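# model this:
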Amino acid sequence: MRNRKAFLAATAGALALVTGLTAPAHAGVTDAPAAVSTAIDAPAVYGRAAYLMDASSGEVLFDKDGGERLPVASLTKTMTAYLVLQAAKPTDVVRITPADVAYAEDGGGTTAGLRPGDRLTVGELLYGLMLPSGADAAHALARTYGPGVKGFVAKMNATARSLGMNDTHYVNADGLPTPGGDGYSTARDQAVLAAKALQVPLIKEVAGTRRHDLDASDEHRSYGWRNTNRLLGTPGAIGLKTGFTRAAGYCLAFAGESDGRVLVGVLLDESVSSRRFSTAEALLSWGSARQSA
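Model prediction:
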């Protein structure tokens, strides 16, 4: 009960912000939230789609266009992490190639700053994948465990189908735009994936880490990665992944834990980066209060 009270108190400001009870910092933004729920006290959501569910029971608490197919940017990397750990041990070693680095740089993606020739464990690469959202780490993992990127993407789509993510199609391991078109998913499908991924202890640990430092060794240089998820630090928040491209807008897969319950949610195509975090706080607070009522 103490955890729940702390969670609700910490997120009260965010809830007030999103519901309009205080003057929002983004007052200059003119887009208005669409009707999203039959619950009159539900937080306003400005993004194009949103979904909130109980990770254990599957109970849907909030649904705004949760079934609409949209690009999901780097939320794609959650599937990459999940699939890699189906095939690899965290202690397995991957050698970084020039192609891994060039892929991220040429594609304009965010990187983990990996250096060709470095040898890192799968566990270490997962931090580089999830915290700074490294497209270089995604390429290295997909190349190794496809084998080959195309083979890995085929496995991603097969895994999506096996999880019931029937409105999801991946075209790469990182969510970057491609000349042949972007992949797509839905807020609902990504929430299903988030719930499944958080059952993997290493993914939960990585996703909840705000900063990870790796000392230099004979195998690699030193690395320091900071998590792009500003929701972390909020009491109860445990992850999960940010994303952004021009087509996808600002995206967030998020999760909160309170009194043994885990809520997972997804926001897609938000126009204001910071607002995805305050909205996620508000949804978690609202969902937790609704379940305890």
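# any idea of the mean pLDDT for the strand or helix carrying residue 276?
Using DSSP states H and E, residue 276 sits in helix 273-292. In this model, helix 273-292 has a mean pLDDT of 94.
# burial measure for residue 261, as a count.
17 (other C-beta atoms under 10 Å). Using the backbone N, CA and C atoms, a C-beta is placed for each residue, glycine as well.
# quick one, what contacts it?
54, 56, 288, 291 (C-beta atoms under 8 Å, 6 or more residues apart in numbering).
# now swap in residue 276 and tell me
47, 242, 250, 251, 252, 267, 270.
# for the chain, what spans make up the strands?
49-54, 60-64, 93-95, 119-121, 211-214, 223-226, 237-245, 249-258, 261-270 (DSSP state E).
# mind listing what residue 97 touches?
Per C-beta under 8 Å, 6+ apart, neighbours of residue 97: 116, 140, 143.
# which residue ends up closest to the midpoint of the chain in space?
residue 241 (2.1 Å; C-alpha atoms, centre = their mean).
# And the helix holding residue 276, what's buried?
275-289, 291 (16 or more other C-beta atoms under 10 Å).
# The residue nearest to the centre of the chain contacts residue 264, doesn't it?
No - Residue 241 lies out of contact with residue 264 (C-beta atoms under 8 Å); the separation is 11.2 Å.
# Mutual contacts of those two, please.
Joint contacts of residue 241 and residue 264 (C-beta under 8 Å, 6+ apart) are 194, 253.
# Tell me how many other residues crowd residue 232.
Neighbours around residue 232, by other C-beta under 10 Å: 18.
# Tell me which residues touch it, please.
Here residue 232 is in contact with 208, 209, 210, 239 (C-beta under 8 Å, 6+ apart).
# can you rerun that using 6 Å?
Contact analysis of residue 232 by C-beta atoms under 6 Å, 6 or more residues apart in numbering lists residue 210.
# measure it to residue 200 for me?
To residue 200, residue 232 is 18 Å away according to C-beta to C-beta, to the nearest Å.
# can you check residue 147 too?
22 Å.
# So between these two, which is more surrounded?
Higher neighbour count among residue 147 and residue 200: residue 200, with 15 against 11, using other C-beta under 10 Å.
# Tell me the pLDDT of the closest residue in space to the more buried one that isn't next to it in sequence.
Distances taken as C-beta to C-beta, 6 or more residues apart in numbering place residue 85 nearest to residue 200, at 5.8 Å, with adjacent residues excluded. Listed pLDDT for residue 85 reads 98.
# Repeat that for residue 9.
The model's pLDDT for residue 9 equals 45.
# Equivalent analysis for residue 264, please.
Predicted confidence (pLDDT) for residue 264: 98.
# Near it, how many other residues are there?
29.
# okay but residue 49 is in contact with residue 187, surely?
Yes - the pair residue 49 / residue 187 is scored as a contact, 4.3 Å apart, by C-beta atoms under 6 Å.
# With neighbour numbers in mind, choose between those two.
Neighbours were counted for residue 49 and for residue 187 using other C-beta under 10 Å; residue 187 has more, 32 against 27.
# mind checking how far the more buried one is from residue 168?
Residue 187 is 11 Å from residue 168, by C-beta to C-beta.
# circling back: and which of the contacts of residue 97 is nearest residue 154?
Using C-beta to C-beta, residue 143 is the member of the contacts of residue 97 that lies nearest residue 154, at 13.6 Å.
# now the closest one, nearest residue through space, not along the chain?
residue 149 (5.6 Å).
# show me the residues around the residue lying farthest from the centre of the chain that make contact.
Going by C-alpha atoms, centre = their mean, the residue of the chain most distant from its centre is residue 218, 32.1 Å out. By C-beta under 6 Å, 6+ apart, no residues touch residue 218.
# mind putting the contacts of residue 97 in TSV, distance to residue 176, neighbour count and pLDDT included?
Shown next, in TSV, are these (distance: C-beta to C-beta, whole Å; neighbours: other C-beta atoms under 10 Å; pLDDT from 0 to 100):
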residue	distance to residue 176	neighbour count	pLDDT
116	20	13	98
140	15	29	99
143	15	21	98
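# This completes my enquiry, with thanks.
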